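# any chance you can model this:
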Amino acid sequence: MSEPLDAVRQYVQFLREREGVRKIRLSKTARQGLKVLAGSGRATVPSPALPEARTSPERRSVTPEPVQTPKTAAPVPNIVAWTSTGLSLSNELPVEAVSGSTKAEQLLHLAERASVCVKCPHLAARRHTVVFGVGDPDARLMFVGEAPGEEEDLQGEPFVGRAGQLLTKMIAAMGLSREQVYIANIVKCRPDMQPGVSGNRKPTKQEMETCAPYLRAQIDVIKPTALVALGATAVEGLLGPIGTIGSLRGKFLEYRGTPLMPTYHPSYLLRNQSNTEKRKVWEDLLKVMERLEMPISEKQRGFFLKN
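Numbers count the residues shown, from 1 in each chain. From the prediction side, this is the model:
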């Protein structure tokens, strides 16, 4: 069976075994997404050969509907391994396979594909939304974080919690707005937590590998002049486990030909609010502004120098 249908089967099995759902019916949006992801020919989504699970009263039992797939469909990304320069992909999401005549249309198409992704069944079962990305499709500057938190999962937009509010202030200090840059994460779904456990967790290597083609395709569409990786996990998701954020920040690296500046995640500054630490991040952003040939005032150059 093709990989997309295998992924759907795993998701159905997860819902039946862990969530008590007896029968599944795909929504119209999910069926459309499966059309994009599945291979050629006609396919139906089969129910796993499992003993019938007990259905909770609030669950509705419905019958799966057949899904008509197009003759030509884009392949599903297949991540194979880390390399010394990041992720090695045997089957990516090439820009030429993304429909749309403009960058905005291409990003919308990618977002629609991501919105029905179930390749991480444990994440798909618990997410509220897929947090794809936000900002200007023609942005020269793109910020990359690690994964959505609780607030982002509820609102469907990256960096809207406390750390996101600080990032917005950092962007404003550069003389820009959120609408003038693009913001995305390595992983598009909130990493799930155990029931009753609060907070957020770092995405696993497998979760980052599985989701990486979406971010790579976003970058390929936007073609930013510079990237800013916010935190060690963002660097790892882009380039692999190449070092600590403390040793990497402040020096331009390269991501597939695009200058990449690693810096501390805004949440780090919420925990470490000294001017010394704020200045480190600001110096990183000043270097990005210089690379973009943005005007820099003397006031901006002097931020956080006074204790």
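
# drop to CA atoms for contacts and neighbour counts, all remaining ones
Fine.

# helices along the stretch 201-307 of the chain, start to end?
Assigned by DSSP state H, counting those that start in this stretch, the helices in the stretch 201-307 of the chain fall at 205-222, 232-239, 245-248, 266-271, 275-291, 298-301.

# what comes into contact with the last one?
The set of residues external to helix 298-301 that reach it, using C-alpha atoms under 8 Å, 6 or more residues apart in numbering, is 173-174, 286.

# quick check: chain neighbours aside, which residue is closest to Ala184?
Of all residues beyond its chain neighbours, the one nearest Ala184 is Gly133 (4.4 Å), with distances taken as C-alpha to C-alpha, 6 or more residues apart in numbering.

# out of the helices of the stretch 201-307 of the chain, deepest packed?
Among the helices of the stretch 201-307 of the chain, the stretch with the highest mean neighbour count (mean count of other C-alpha atoms under 10 Å) is helix 232-239, at a mean of 25.

# lowest-confidence helix or strand of this protein?
strand 78-83 (a mean of 30; mean pLDDT, DSSP states H and E).

# hmm, back to that, show me which of the contacts of helix 298-301 is closest to Pro295.
The closest of the contacts of helix 298-301 to Pro295 turns out to be Met174 (C-alpha to C-alpha; 9.2 Å).

# can you check the pLDDT for Ser198?
Looking at Ser198, its pLDDT stands at 76.

# and it, how many neighbours?
For Ser198, the neighbour count with other C-alpha atoms under 10 Å is 9.

# so it is in which element?
Using DSSP states H and E, Ser198 is not contained in any helix or strand.

# which residues are in contact with the residue nearest to Ala184?
Neighbouring residues of Gly133 by C-alpha under 8 Å, 6+ apart: 157-158, 182-185.

# which one (most neighbours) among these?
Of all those, the highest neighbour tally under other C-alpha under 10 Å goes to Asn185, namely 27 neighbours.

# quick check: that one touching Glu152?
No - the pair Asn185 / Glu152 is not scored as a contact, 10.8 Å apart, by C-alpha atoms under 8 Å.

# find residues that contact each of the two.
The contact lists of Asn185 and Glu152 share Pro158, where a contact means C-alpha under 8 Å, 6+ apart.

# and of the helices of the stretch 201-307 of the chain, who's closest to Gln194?
Closest among the helices of the stretch 201-307 of the chain, once you apply C-alpha to C-alpha, is helix 205-222, at 16.4 Å.

# tell me the angle of that closest one relative to helix 232-239?
Going by axes from the mean of the first three to the mean of the last three C-alpha atoms, to 10 degrees, helix 205-222 is angled at 70 degrees with respect to helix 232-239.

# now Ile245: closest residue in space, sequence neighbours ignored.
Ala232 (5.0 Å).

# would you mind listing the buried residues in the one helix or strand His122 maps to?
Assigned by DSSP H and E, His122 belongs to helix 121-126. Neighbour-count burial for helix 121-126, with 16 or more other C-alpha atoms under 10 Å as criterion, is recorded at 121-125.

# and the chain, what are its domains?
The chain breaks down by automatic domain parsing into domains covering 1-73, 74-301.

# comparing the ones you listed by mean pLDDT, which bottoms out?
When I compare those, domain 1-73 is least confident, with a mean of 44.

# ranges for the helices of the stretch 51-200 of the chain?
Using DSSP H, counting those that start in this stretch, helices in the stretch 51-200 of the chain cover 103-115, 121-126, 150-155, 162-173.
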